[in-house]
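Trainee: Any chance you could fold what I've pasted below:
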Amino acid sequence: MTSTAQAQKSGARPAHPDHLGHVIFIAAAAAMGGFLFGYDSSVINGAVEAIRGRYDIGSAALAQVIAIALIGCAIGAATAGRIADRIGRIRCMQISAVLFTISAVGSALPFALWDLAFWRVVGGFAIGMASVIGPAYIAEVAPPAYRGRLGSFQQAAIVVGIAISQLVNWGLLNAAGGDQRGKLMGLEAWQVMLGVMVIPAVLYGLLSFAIPESPRFLISVGKHERAREILEEVEGKSVDLDARVDEIEHAMKSEHKSTFKDLLGGSFFFKPIVWVGIGLSVFQQFVGINVAFYYSSTLWQSVGVDPTDSFFYSFTTSIINIVGTVIAMIFVDRIGRKPLALIGSVGMVIGLALEAWAFSYDLVDGKLPAAQGWTALIAAHVFVLFFALSWGVVVWVMLGEMFPNKIRAAALGVAASAQWIANWAITASFPSLSDWNLSATYVIYTVFAALSIPFVLKFVKETKGKALEEMG
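Mentor: Next up is the predicted model:
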């Protein structure tokens, strides 16, 4: 029997849904959580130096305030799945939107450093929820023939959110006369930067009322008729709805709910495939990518770039991030995950090594010499481009594919947790490391980028074109 015939027999329909535009709207609305993920992760870039000055704190304390949101991210990501299974995907989105809104208001109007840190944790929890619920919801609602393309909305929304936050920060800094602590609307500019997130947060909440609940969740709570209506809405009238409901219900009953115990085995606690997933996550963060999004304005100012120009360079870096992500989305299914990762690793090594070289020169009148300054700027953009077109997308794709069915959910959870921990380690250590030796810090990131090459060659298997049942 052909795959098309099998799909039609099971009720799935490979043809176009009746209202593709509506399905795209549903996916885009759900991906607003990804936009907020990117926006909230990056907006702090515009406030780093102002927070340091406002509260008169050193690099170590500053790093903890910036990085503490990642603790909330880890908790939010760990609990979102269970929350969504109990109260539904849409309610989970609405909780996330409320937490984003509260975090934005609280961060904009802090009484002291401790409550700014608290609101950062609240925002982090919302990020963690959004990072899990958005892709899961889109996968459950999207017609099978469009699942991959609609699923990519989440990553695209994240990088657009990063870029928009940098653009907003740059605009607000210009409005405040180039001073992060300049007055805007009765507040300091950095407070307005953090508060502006209220707008997309409220929009996310409103959009969540305009999209349907996941048919999978509705079937799990016995609302079969409503599930049929939504399946007809997103997959078309010619689909055998009863067969689709039966298919989903059967799949849910036969699913193996993986546990942490399923991951144990081998000579080093976890099964080898789990260590490969952890390795991919750790290497993705240890090349220092989030330094480019959390600290780039501070980095450029530390080598003599004007604050307004430093914000503009942060914005151009975000545009390069979007371009790289689009390149990855085009080629990940054409040339494969492993070749793309290797290409990215080589490009990152070159970019990071050039940055390390440029930062090794002494400042002259508070600035890098012209040749080294331009080299550092171009190399930073090269690094972000090669990361975005490879590891930024490939790691998430592979983590979703590489594990055997029996352990997929639990293994993905461990790998994602490793990613948040590695992210926290880099984010929390950068200010102190850069105070110690900025060039040496970039040498460390270069070494990790170089080590990722033999890691991929030896341990990572290509997953392109394989069915999920073939993994393991």
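Trainee: number of nearby residues for Phe100?
Mentor: Neighbourhood size, Phe100 [other C-beta atoms under 10 Å]: 29. C-betas here are computed from N, CA, C, even on glycine.
Trainee: nearest spatial neighbour of Met185, skipping sequence neighbours?
Mentor: Excluding the flanking residues, the one nearest Met185 by C-beta to C-beta, 6 or more residues apart in numbering is Val192, at 6.1 Å.
Trainee: So which elements touch the helix or strand harbouring that neighbour?
Mentor: Following DSSP states H and E, one finds Val192 within helix 189-195. Packing partners of helix 189-195 (3 or more C-beta pairs under 8 Å, 6 or more residues apart in numbering; DSSP states H and E): helix 48-55, helix 89-108, helix 153-175.
Trainee: Need those helices in CSV (columns: distance to Ala358 and mean pLDDT).
Mentor: Shown next, in CSV, are the helices and strands packed on helix 189-195 (distance: least, C-beta to C-beta, whole Å; pLDDT from 0 to 100):
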stretch, distance to Ala358, mean pLDDT
helix 48-55, 21, 87
helix 89-108, 33, 94
helix 153-175, 22, 87
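Trainee: how about those in TSV, adding distance to Asn423?
Mentor: Formatted as TSV, those follow (distance: least, C-beta to C-beta, whole Å):
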stretch	distance to Asn423
helix 48-55	16
helix 89-108	18
helix 153-175	14
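Trainee: Go through the particular helix or strand that has Asp242 in it and flag the buried ones.
Mentor: Secondary-structure assignment from DSSP H and E places Asp242 in helix 241-254. Within helix 241-254, the residues that count as buried by 16 or more other C-beta atoms under 10 Å are Leu241, Arg244, Val245, Ile248.
Trainee: about what we covered before: what packs against whichever helix or strand comes after the helix holding Val192?
Mentor: Next helix or strand after helix 189-195 toward the C-terminus (DSSP H and E): helix 198-208. Applying 3+ C-beta pairs under 8 Å, 6+ apart, we find helix 198-208 packed against helix 32-43, helix 89-108.
Trainee: Just say which of the ones you listed is most tucked in.
Mentor: Greatest average neighbour count among these goes to helix 32-43 (a mean of 27), per mean count of other C-beta atoms under 10 Å.
Trainee: what angle do that helix and helix 153-175 make?
Mentor: Between helix 32-43 and helix 153-175, the angle comes out at 40 degrees (axes from the mean of the first three to the mean of the last three C-alpha atoms, to 10 degrees).
Trainee: Report the inter-axis angle for helix 32-43 versus helix 89-108.
Mentor: Relative orientation of helix 32-43 and helix 89-108, computed by the same axes, to 10 degrees: 20 degrees.
Trainee: Between helix 198-208 and helix 32-43, find me the angle.
Mentor: Going by the same axes, to 10 degrees, helix 32-43 makes 170 degrees with helix 198-208.
Trainee: Show me what helix 32-43 is packed up against.
Mentor: helix 89-108, helix 113-141, helix 153-175, helix 198-208, helix 289-294.
Trainee: Distance to Leu264 added to the ones you listed, as JSON lines?
Mentor: Shown next, in JSON lines, are these (distance: least, C-beta to C-beta, whole Å):
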{"stretch": "helix 89-108", "distance to Leu264": "30"}
{"stretch": "helix 113-141", "distance to Leu264": "24"}
{"stretch": "helix 153-175", "distance to Leu264": "31"}
{"stretch": "helix 198-208", "distance to Leu264": "38"}
{"stretch": "helix 289-294", "distance to Leu264": "30"}
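Trainee: wait, which of those helices is closest to Gly265?
Mentor: Smallest distance to Gly265 across the helices and strands packed on helix 32-43 (C-beta to C-beta): 25.9 Å, for helix 113-141.
Trainee: and the closest one, average pLDDT?
Mentor: Average pLDDT, helix 113-141: 87.
Trainee: Tell me which residues of it come out buried.
Mentor: Buried positions in helix 113-141, judged by neighbour count with 16+ other C-beta under 10 Å: 113, 116-141.
Trainee: go on, stretch 273-292?
Mentor: Result for stretch 273-292 [16+ other C-beta under 10 Å]: buried residues 273-292.
Trainee: Counting only helices, which of those make the cut?
Mentor: 273-286, 289-292 (DSSP state H).
Trainee: mind listing the strands for the stretch 251-400 of the chain?
Mentor: 264-268, 270 (DSSP state E, counting those that start in this stretch).
Trainee: what's the least confident stretch among those?
Mentor: Among the strands of the stretch 251-400 of the chain, strand 264-268 scores lowest, at a mean of 69.
Trainee: Quick check: Val460 touching Val276?
Mentor: Yes: using C-beta atoms under 8 Å, Val460 makes contact with Val276 at a distance of 6.3 Å.
Trainee: helices or strands up against the lengthiest helix in the chain?
Mentor: Scanning the chain for the helix with the most residues, using DSSP H, yields helix 408-459. Applying 3+ C-beta pairs under 8 Å, 6+ apart, one finds that helix 408-459 contacts helix 59-67, helix 69-87, helix 272-286, helix 289-294, helix 296-302, helix 337-359, helix 391-401.
Trainee: Identify the residues contacting the shortest one?
Mentor: Okay, so that is helix 289-294. Applying C-beta atoms under 8 Å, 6 or more residues apart in numbering, the contact partners of helix 289-294 are 41-42, 44-45, 48, 66, 162, 299, 317-318, 380, 383-384, 387, 391-392, 423, 426-427, 430, 445.
Trainee: one more time with 7 Å
Mentor: By C-beta atoms under 7 Å, 6 or more residues apart in numbering, the list of residues contacting helix 289-294 from outside reads 41-42, 44-45, 66, 162, 317, 380, 384, 387, 423, 426-427, 430.
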